[in-house]
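Build the 3D model from these lines:
(2 chains, ligands or ions: 1)
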Amino acid sequence: MAERMGFFTDTSICIGCKACEVACKEWNDVPDDGFVFRATSYDNTGALGADTWRHVAFIEQDGRWLMSSDVCKHCTHAACLDVCPTGALFRTEFDTVVVQSDVCNGCGYCVPACPYGVIDRRERDGRAWKCTLCYDRLRGGLEPACAKACPTDSIRFGPLDELRARAAERVERLHADGVTEARLYGESPDNGVGGTGAFFLLLDEPETYGLPPDPVVTTRDLPAMWRWAGGAALALAAGVAACFLRRT
Amino acid sequence: MPKRRDEMVPDAGFRSYYGQPVIKAPVWHEPHMPVYLYLGGMSGAASMIAAMARVTGHDRLALAARMAAAAGAGVGSVFLITELGRPERFLNMLRLFKPSSPMSVGSWTLAAHGGLTAIGAASAVTGVLPAIGDAATAASAVTGPVMAAYTAVLLADTAVPAWHEAMRELPFLFTGSALASAGAALMLTTPRTAAGPARAVAVAGAAAETAAGMLMARRLGLAGEPYRLGRAGRLMRASRMLTLGGGLLATMAGRSRALTALSGLAITAGALCTRFGVLEAGRASAADPKYTVVPQRRRVAAGDLASVPGRCRPATKP
Ligand code: SF4
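Presented below is the predicted three-dimensional model:
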């Protein structure tokens, strides 16, 4: 198996040019997601979805402007993959999470399962879509389209271990320069999804960027859920039996 | 001691990206998904009733229960398949058996249950191969309770706070509702003199559904708020009244046809309201970032971060 590959998105140097959004759309042939003026900021794609695989968030604050290019996190413990009943979602040799669109039957279960609200069903063709970390480009030895197009290298692509080391250095630098609010998001293998393959350097709380502050892979609790359901199923059987035995 | 202002309004200060949702709302359609949840539950409980009725010699009730179980599973499957984004690929559900996916477990359960109940009903109607029909009905007493309970896991195994946090109560709400639904359907389709056990099941189910619903509302706190507000709140309150009223009527429904009809229809409507209400609460819970952010922020503030202990890195699948 190849090394685990990922993204490190350093939002402190994002300039909000949306080159990543455009490059992603072109390479992956992602359909139009509307040209909507949202009247919030310069964001016109709004959120990640079936037709938006990179999303640049714009947050206007007092005295500064935060910009961040969001993407599928390619979780170590990926809820979307766990709950997919057809096996359309699978883990690649690069340890990324990809939907096989020729297998997906559009059951929609991955959509509410993702703790980051990434994957979505495209109602026009009935299937689930999301970032593939440019699986085809990776297989051809190329870096993903968004990272290639990013003019400031805010989006870095590489082996996850290297990215983690570089990110730790970058945070240290920023802290030394007085940017004490710089923090990494998602890089820790000890978090609720076992660490993400795409992680971020943020300059504010995650929820400000529309990211969950402490996400959990829902299937962590699946054994407990089945135990409670098993109890309820037995109670149902016992209840029916009791109703008959009382009467005969 | 007077509370500080920020303690009195605990979630006033949560932050978000322009109030947009953090997670995606379930894309499942109405009426497909909630009607399937109702029919699947009804079919599951009915098959259990069919098996018990056969063993205890309630043959008229057993026949009706076999029919209800088969019809519920059959029609329910149609609703489930038309819910898919690509219905023509529904057989991909049986491409593999995947224990980590409640939808996969459910599809196999539905396939087995649908087959068994169809055999049971066909044999009962035609009188052909009675031994095989009886065996199929007995086996559907195993798949039936699973049918009634798995849908709770299906919903709880998502990032939707109103569903995930209800992982303990939802199974009892759903099996209670399934019992009530099956009892009601059989009250309506069996002569009154033969429907005694069906009325008892309806009463027990209505009581269980009500108790589980009340417990859920009390225990969930912030995550339970969507069950009380807006359209979901109205549906859940309607469900509570219809189920309670129908259940009380069922205790005396043996006396007249009118009472039987009133009780059976009220319970059925209540069970449907429960399923529509739970789906709607899930949507509302996903749409407001408050329900996702506030509890997670509290964990962060308490230094009690989530982790996934004891789980290895998943293996790569070709
Ligand atoms: S972020 Fe969501 S869509 Fe991406 S791998 Fe994790 S669970 Fe799947």
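
low-scoring pLDDT stretches of chain A, where are they?
By pLDDT under 70, the weakly predicted segments of chain A are A:1, A:247-248.

what about the longest helix in it?
helix A:222-247 (DSSP state H).

Any buried residues in it, and which?
Buried residues in helix A:222-247, defined by neighbour count with 16 or more other CB atoms under 10 Å in any protein chain shown: A:222, A:225-226, A:228-229, A:232-233, A:235-237, A:239-241, A:243-244. Where you see a C-beta, it was placed from the backbone N, CA and C, and this is true even at glycine.

Stretch B:57-69 too?
For stretch B:57-69, by 16+ other CB under 10 Å, it's B:58, B:61, B:62, B:63, B:64, B:65, B:66, B:67, B:68, B:69.

Count the residues that sit near residue B:306.
By the criterion of other CB atoms under 10 Å in any protein chain shown, residue B:306 has 18 neighbours.

and if you look at residue A:152?
12.

can you pull the contacts of residue 177?
Since no chain was named, I'll use chain A. Not one residue lies near residue A:177 by CB atoms under 8 Å, 6 or more residues apart in numbering or on different chains.

That was the other one, I meant chain B.
Counted by CB under 8 Å, 6+ apart, residue B:177 has contacts B:38, B:41, B:205, B:209, B:243, B:271, B:274, B:275.

Report the buried members of those.
Judged by 16+ other CB under 10 Å, buried ones among the contacts of residue B:177: B:38, B:41, B:205, B:209, B:243, B:271, B:274, B:275.

Tell me how far the spatially most central residue of chain A lies from residue A:219.
Nearest to the geometric centre of chain A sits residue A:72, at 2.7 Å (CA atoms, centre = their mean). Distance of residue A:72 to residue A:219, given as CB to CB, to the nearest Å: 17 Å.

Same question for residue B:170.
Taking CB to CB, one finds residue B:170 at 16 Å from residue A:219.

which of the two has more neighbours?
Between residue B:170 and residue A:219, residue B:170 has the larger neighbour count (other CB under 10 Å), namely 27 against 22.

Confirm for me that that one is in contact with residue B:158.
No - applying CB atoms under 8 Å as the test, residue B:170 and residue B:158 come out as separate, 11.3 Å apart.

check contacts around the nearest residue to residue A:68 once chain neighbours are set aside.
Sequence neighbours aside, residue A:11 is the residue nearest to residue A:68 in space, at 4.0 Å (criterion: CB to CB, 6 or more residues apart in numbering or on different chains). Counting by CB under 8 Å, 6+ apart, residue A:11 makes contact with A:66, A:67, A:68, A:69, A:154, A:200, A:201, A:202, A:203, A:209.

Would you tell me which one of those residues comes nearest to the ligand?
Of all the contacts of residue A:11, residue A:200 has the smallest distance to the ligand: 12.2 Å, by CB to the nearest ligand atom.

Quick check: the residue of chain B nearest chain A.
Using CB to the nearest CB, the single residue of chain B nearest to chain A is residue B:85, 1.9 Å away.

Checking that residue next. Helix, strand or coil?
coil (DSSP: H, G, I helix; E, B strand; the rest coil).

ok, the spatially closest residue to it that is not a sequence neighbour to the ligand distance?
Leaving aside its sequence neighbours, residue B:85 sits nearest to residue A:106 (CB to CB, 6+ apart; 1.9 Å). For residue A:106, the distance to the ligand equals 15 Å [CB to the nearest ligand atom, to the nearest Å].
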